[in-house]
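[1] No letters, just coordinates:
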DNA sequence: ACTATTTCCTGGATGC
DNA sequence: TGCATCCAGGAAATAG
């Protein structure tokens, strides 16, 4: 399940493979397609575009696109291809002769001969495009704050007056973009806060600790290429290694690495939440 | 304006 | 071995 560190790893890997390449054609699968934009619009924005950059915004992968123009005029950045991988979505770089696997929903053919394929068994992933050349064309922006950029004061302000459990608040993409179940649990453990604590009940000191822990855990995870639980692999098909560093996520019943108390698992807002009842208050 | 709950989807794990 | 049931999860939709 790609969260911020996994999407960051994938975006960097894709950038390495496709930056500078030109999209020749786009194939989109049969309905019901996992699209946020209509199929014709996706094809229209992507085809004959050059990929300038691939980067992460929240949990989204954004391909910045420009259209070459005639007579030595500078190319124009006209749009973006935006991919959300959901839980099981993958973007594969393949040769054209590679067998097309089940659940392949989109194939983007590049001038280099390579293909970018969107494969997503569970179909929670989404494809969309943004126009940069229309009047409202400011491009794609995540609704919430970027966890790695946001100032501590801004982070603290996100939770003011919120009665929802801190775990739910961390997962709310309108507040913070990019945090999912793994890194919510891991950052709460590292800052000693129970997931059910009401967001507004946290002290300033606790919020400062949480912010620092969240940035720390995200940065460590990016450095290790993300967490490979279930079937996550990066753009080169390589697994990450941060799952070996998980202190609570997926460790129900196992001893806390700090105090030895068995890790608890509870369900908050329909998501499993792992914590140490002794280390987290 | 918030918050909580339900829904989507399928492979893999579990239970009888 | 086979069949049914449950579970995982992000985010949009729905309900309160």
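    Sure, I can see it. None of the values given here were measured: they were computed from a predicted structure.
[2] show me where pLDDT drops low in chain A?
    For chain A, applying pLDDT under 70 flags the ranges A:31-33, A:134-137, A:230-233.
[3] show me where it has strands.
    A:23-28, A:50-57, A:60-67, A:76-84, A:90-94, A:104-110, A:115-119, A:126-131, A:264-268, A:271-275 (DSSP state E).
[4] which parts of the stretch 51-200 of chain A sit against DNA strand B?
    Neighbours of DNA strand B within the stretch 51-200 of chain A, by C-beta under 7 Å from any atom of the strand: A:102, A:103, A:121, A:122, A:123, A:124, A:161, A:162, A:163, A:164, A:165, A:168. Any C-beta I mention is one placed from the backbone N, CA and C, and that applies to glycine too.
[5] The residue nearest to the spatial centre of chain A and residue A:251: what is the separation?
    Residue closest to the average C-alpha location in chain A (C-alpha atoms, centre = their mean): residue A:59, at 2.3 Å. Taking C-beta to C-beta, to the nearest Å as the measure, residue A:59 falls 23 Å from residue A:251.
[6] re earlier: possible to save the strands of chain A as CSV with mean neighbour count?
    Converted to CSV, those look like this (neighbours: other C-beta atoms under 10 Å):
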stretch, mean neighbour count
strand A:23-28, 18
strand A:50-57, 20
strand A:60-67, 22
strand A:76-84, 21
strand A:90-94, 20
strand A:104-110, 21
strand A:115-119, 22
strand A:126-131, 20
strand A:264-268, 15
strand A:271-275, 20
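[7] Stretch A:258-267 and DNA strand B in contact?
    No - for stretch A:258-267, no contact with DNA strand B is found by C-beta under 7 Å from any atom of the strand; the gap never falls below 9.2 Å.
[8] gap between that stretch and the chain center?
    Put simply, stretch A:258-267 sits 27 Å off its chain's centre (C-alpha atoms, centre = their mean, to the nearest Å).
[9] For burial, what's the neighbour tally of residue A:70?
    Neighbour count of residue A:70, defined by other C-beta atoms under 10 Å: 5.
[10] contacting residues around it?
    Listed by C-beta atoms under 8 Å, 6 or more residues apart in numbering, residue A:70 has no contact partners.
[11] Okay, angle between the biggest helix by length in chain A and strand A:50-57 too, please.
    For chain A, the longest helix by residue count, based on DSSP state H, is helix A:204-223. Counting by axes from the mean of the first three to the mean of the last three C-alpha atoms, to 10 degrees, helix A:204-223 lies at 140 degrees to strand A:50-57.
[12] so what does helix A:204-223 touch, helix or strand wise?
    helix A:4-18, helix A:152-158, helix A:181-191 (3 or more C-beta pairs under 8 Å, 6 or more residues apart in numbering; DSSP states H and E).
[13] and it, is it in reach of DNA strand C?
    No - in terms of C-beta under 7 Å from any atom of the strand, no part of helix A:204-223 sits within range of DNA strand C; the closest distance is 13.2 Å.
[14] quick one: that helix to chain centroid distance?
    Counting by C-alpha atoms, centre = their mean, helix A:204-223 comes out at 17 Å from the chain centroid.
[15] tell me the angle of that helix relative to helix A:4-18?
    Going by the same axes, to 10 degrees, helix A:204-223 makes 30 degrees with helix A:4-18.
[16] Can you tell me what sits against stretch A:45-53?
    For stretch A:45-53, contacts defined as C-beta under 8 Å, 6+ apart pick out A:15, A:18-26, A:63-68, A:75, A:77-81, A:108, A:129, A:131.
[17] how about the closest residue to residue A:243 other than its chain neighbours, what does it touch?
    Spatial nearest neighbour of residue A:243, excluding adjacent residues (C-beta to C-beta, 6 or more residues apart in numbering): residue A:227 at 4.3 Å. Residues counted as contacts of residue A:227 (C-beta under 8 Å, 6+ apart) are A:3, A:5, A:6, A:182, A:221, A:240, A:242, A:243, A:246, A:249.
[18] wouldn't the fourth one be in contact with residue A:248 here?
    No - between residue A:182 and residue A:248 no contact is recorded; they are 9.5 Å apart, counting by C-beta atoms under 8 Å.
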